[in-house]
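[1] Dropping the sequence and predicted coords here.
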Amino acid sequence: MRAVVQRVSKASVTVDGVVVGAIQKGVLILLGVADDDAQQDVIWLAGKVAGLRVFEDDDGKMNLDLTDVAGSALVVSQFTLLGDCRKGRRPAFVKAARPELANSLYLSFVAEMRGRGLTVETGTFQAQMDVELVNDGPVTLLLDSRKTF
């Protein structure tokens with residue numbers, strides 16, 4: 001399971017002209033599910049994201065997590081994070097999970113984040129989405145439950 005985590009001052013997702021998810025201060029999480037991901041990947045990644053100390057304390061150091069700053073999360077499914085661009089010019093998506101598994105683990109990730117006491121908004125699975133954000137910092141981190149980077 002892969003995630004691009006961006007610290008934001010605000011972010012939103014629009015589908016067919018309708019805002020389906022929006023947050024103020026917090027993180028935008030673009031989430032990609034691999035074909036061999038399972039619940040342990042969900043638990044590890046949700047714990048990692050929820051505990052990331054990416055918000056500044058009074059001394060200007062990144063020491064605070066989402067809970068500390070009463071921040072929210074906006075989770076957007078993005079299978080293209082599993083695209084393999086090492087050969088040729090067209091990404092290969094053979095490692096991306098089939099939609100049924102991907103949606104199940106995506107929803108499980110959202111539930112796991114909420115279970116940690118966080119306010120979580122979402123995009124719409126398999127929809128064409130317009131994602132808007134104001135990246136605060138900018139702070140952008142790449143996470144992988146297999147710790148490949």
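    Yep, it's here. Numbers count the residues shown, from 1 in each chain.
[2] centroid residue for the chain?
    residue 29 (2.0 Å; C-alpha atoms, centre = their mean).
[3] That residue: what's it in contact with?
    Counting by C-beta atoms under 8 Å, 6 or more residues apart in numbering, residue 29 touches 3, 4, 5, 6, 49, 73, 74, 75, 76. To be clear about C-beta, it is placed using only N, CA and C from the backbone, and glycine gets the same treatment.
[4] Can I get those residues in TSV including secondary structure, pLDDT and neighbour count?
    As requested, the contacts of residue 29 are exported to TSV (DSSP: H, G, I helix; E, B strand; the rest coil; pLDDT from 0 to 100; neighbours: other C-beta atoms under 10 Å):
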residue	secondary structure	pLDDT	neighbour count
3	strand	98	23
4	strand	98	16
5	strand	98	21
6	strand	98	22
49	helix	98	25
73	strand	98	27
74	strand	98	25
75	strand	98	25
76	strand	98	23
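[5] can you put those in a markdown table and add distance to residue 39?
    As requested, the contacts of residue 29 are exported to a markdown table (distance: C-beta to C-beta, whole Å):
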| residue | distance to residue 39 |
| --- | --- |
| 3 | 16 |
| 4 | 21 |
| 5 | 20 |
| 6 | 25 |
| 49 | 16 |
| 73 | 19 |
| 74 | 22 |
| 75 | 16 |
| 76 | 21 |
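[6] which residues of the protein fall in strands?
    Using DSSP state E, the strands found in the chain span residues 2-15, 18-23, 26-32, 55-56, 62-64, 72-77, 119-122, 130-144.
[7] between these, which one is nearest to residue 83?
    Among those, the nearest to residue 83 by C-beta to C-beta is strand 26-32 (8.6 Å).
[8] Quick one: distance of that closest one to the chain centre.
    Centroid displacement of strand 26-32 relative to its chain, using C-alpha atoms, centre = their mean, to the nearest Å, is 2 Å.
[9] Spell out which strands sit alongside that strand in the sheet and which way each one runs.
    Neighbouring strands of strand 26-32 in its sheet, by DSSP bridges, are strand 2-15 (antiparallel), strand 72-77 (parallel).
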